[in-house]
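Participant: Here's a sequence, model it:
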Amino acid sequence: MHVVIVGCGRVGSGLATTLEGEGHSVAVVDRQPKAFRRLPEDFAGQRVVGVGFDRECLREAGIERAGALAAVTNGDNSNIVVARVAREAFSIERVVARIYDSRRAAIYERLGIPTVATVQWTTERVLRRILPDVHAVEWVDPSAKICMIERNVPAAWAGRRLGELEIPDVARLVGVGRLGTAMLPDPQQAAQDGDVIWVSVAGDKLAVFEEHLNATVTTGAH
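Facilitator: Numbering: from 1, shown residues only. Sure, this is the predicted structure:
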């Protein structure tokens, strides 16, 4: 898939690097040529100097063959304009805009433009919308403070208490799916290989929980 990223700051350059690593073609647009220094030296995608909501600039970036666009500049208004141009003028289905003012995020969500807020959480949520087949975020509140995720319990957790999956101030277990049946979790109950869990996670701590879940553990260790 071809993806257009408008804005080559920390989030934009991170997205571009990750997407290219996943095998997608990428074009990055920024009005400042020096912004492209954030990209890796071996970045093979396009670097387009220009204003992201300019239609000719977007065409140069390959918007007409793009499957997704992420507007992640440092300006809310610019990001919304870019997102609307991509959606309305070029019929791009997967469009997401970064919004710094979380109070405005809900308004744009109602207009049908997915938004993201906060620095640490932005890259994760944008990737989930652009690449929906990878680990999903099931729900996120408009301020991006809390999200809900679904994960398979790694086999190494079998036999350990479900309560050990939780991390204070980071993640709380909400539900467990076992043999096709969902249930409220009993923290003292042992996890089983094949369990599915639903977890509420602080929006900026998702990577912390993922590392905790996927770390190599010894059955019965505490």
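
Participant: Any buried residues in the longest helix seen in the chain, and which?
Facilitator: In the chain, taking DSSP state H as the definition, the longest helix is helix 76-90. Within helix 76-90, the residues that qualify as buried are 76, 78-87, 90, counting by 16 or more other CB atoms under 10 Å. Placement of C-beta: from N, CA and C, glycine included.

Participant: Also compute the angle for the helix or strand just after that helix relative to helix 76-90, please.
Facilitator: Going down the chain from helix 76-90, the next helix or strand is strand 94-98, by DSSP states H and E. Angle of strand 94-98 versus helix 76-90, following axes from the mean of the first three to the mean of the last three CA atoms, to 10 degrees, is 170 degrees.

Participant: quick one: average confidence on strand 94-98?
Facilitator: Computed over strand 94-98, the mean pLDDT rounds to 88.

Participant: looking at the chain, which helix or strand is least sure?
Facilitator: Counting by mean pLDDT, DSSP states H and E, the weakest-scoring helix or strand in the chain turns out to be helix 119-130, with a mean of 57.

Participant: pLDDT below threshold where in the protein?
Facilitator: The model of the chain has pLDDT under 70 over residues 102-138, 140-144, 216-222.

Participant: Domain map for it?
Facilitator: As given by automatic domain parsing, the domain ranges for the chain are 2-135, 146-214.

Participant: Pull the distance from the shortest one to the chain's centre.
Facilitator: Domain 146-214 sits 19 Å away from the centroid of its parent chain (CA atoms, centre = their mean, to the nearest Å).

Participant: Then the first one?
Facilitator: Distance, stretch centre to chain centre, for domain 2-135: 12 Å (CA atoms, centre = their mean).

Participant: dump the residue contacts of the closest residue to Cys57 other than its chain neighbours.
Facilitator: Among residues not flanking Cys57 along the chain, Gly50 sits closest, at 3.6 Å (CB to CB, 6 or more residues apart in numbering). Shown in contact with Gly50 (CB atoms under 8 Å, 6 or more residues apart in numbering): 29, 31, 56-57, 60.
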